[in-house]
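# Let's see this in three dimensions:
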Amino acid sequence: MIHPNRTYLLQQKERKKTVTGSLAILKARRQALIMEFLASAKPFLLSRRQISGEYRKAIEELQLAQAQDSKNSVASVAAISGRDIEVTIEPRNILGVRYKEALIGEAIRSGEKGFACDPGATAPALEEATERFRVIVENMLKFAGFESKLKRLARDIRSLSRKSRVLEQRVLPELSQNLRTAVQYIGEREREDHFRLKKFKNLKSGKGIG
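Presented below is the predicted three-dimensional model:
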């Protein structure tokens, strides 16, 4: 059994002060991450809607091109016109949260159709479909960066929430109880010491004899 003394009381007070400061820092960091999450979620949702809209239009243009030039002709153009897309994965760091972002090479940004045959020999709808699919690929890569960022932010927000709850609901109440117990124990001991000292003085002076 621990018998609290003044040193123990000071240690508990200092520990409570430290935990309270740590809790404030955790809450401030969590709030900052939540604000960043909300700010990033808006372009993420817009990117999803944009990709969905572009994909619908691209399919319509592709179907129109297949109707004009036949499916086999469109498939042949696609087969001989394929090209690699340069994508660089770069690490990013925001408020201490690390995530990865896809950087698109200039080839896809240039807007070149990349046909291996005479563009004039293909239906305009195929060129339009190709451009829309190019935009879709570019937006999907951006979308992947947003998704990675949001997942990491959400993970850290959950982690900070758990740590805050532990400090707020378990550690601080335990420290407060320890402090109350220590103050009560030290107070009772000091009253007992004062009573014994007073009794000793009375005995010494002869007032307690008889």
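
# show me where this structure has strands.
87-94, 97-104 (DSSP state E).

# just these: most buried one?
Stretch with highest mean neighbour count among these: strand 97-104 (a mean of 15; mean count of other CB atoms under 10 Å). The way it works is simple: take the backbone N, C-alpha and C, and place the C-beta from them, glycine included.

# Go ahead and name everything in contact with that one.
Residues from elsewhere that reach strand 97-104 (CB atoms under 8 Å, 6 or more residues apart in numbering): 33, 85-93, 138, 141-142, 144-145, 148-149, 151-153, 156.

# Measure how that strand sits relative to strand 87-94, angle-wise.
150 degrees (axes from the mean of the first three to the mean of the last three CA atoms, to 10 degrees).

# Parallel or antiparallel, list what pairs with strand 97-104.
strand 87-94 (antiparallel) (DSSP bridges).

# Any chance you could list what contacts the partner strand?
36, 98-105, 141, 149.

# In terms of model confidence, name the weakest of these.
Lowest pLDDT among the contacts of strand 87-94: residue 105, with 65.

# What's the separation between residue 9 and residue 87?
Distance of residue 9 to residue 87, given as CB to CB, to the nearest Å: 61 Å.

# Look up the closest residue to residue 128, ignoring the ones flanking it.
Spatial nearest neighbour of residue 128, chain neighbours left out: residue 61 (4.5 Å); criterion: CB to CB, 6 or more residues apart in numbering.

# Quick check: pLDDT value at that neighbour.
The model's pLDDT for residue 61 equals 84.

# neighbours around it, how many?
By other CB atoms under 10 Å, the residues close to residue 61 number 20.

# I'd assumed residue 135 was in contact with it.
No: here residue 61 does not reach residue 135: they are 11.8 Å apart, not a contact under CB atoms under 8 Å.
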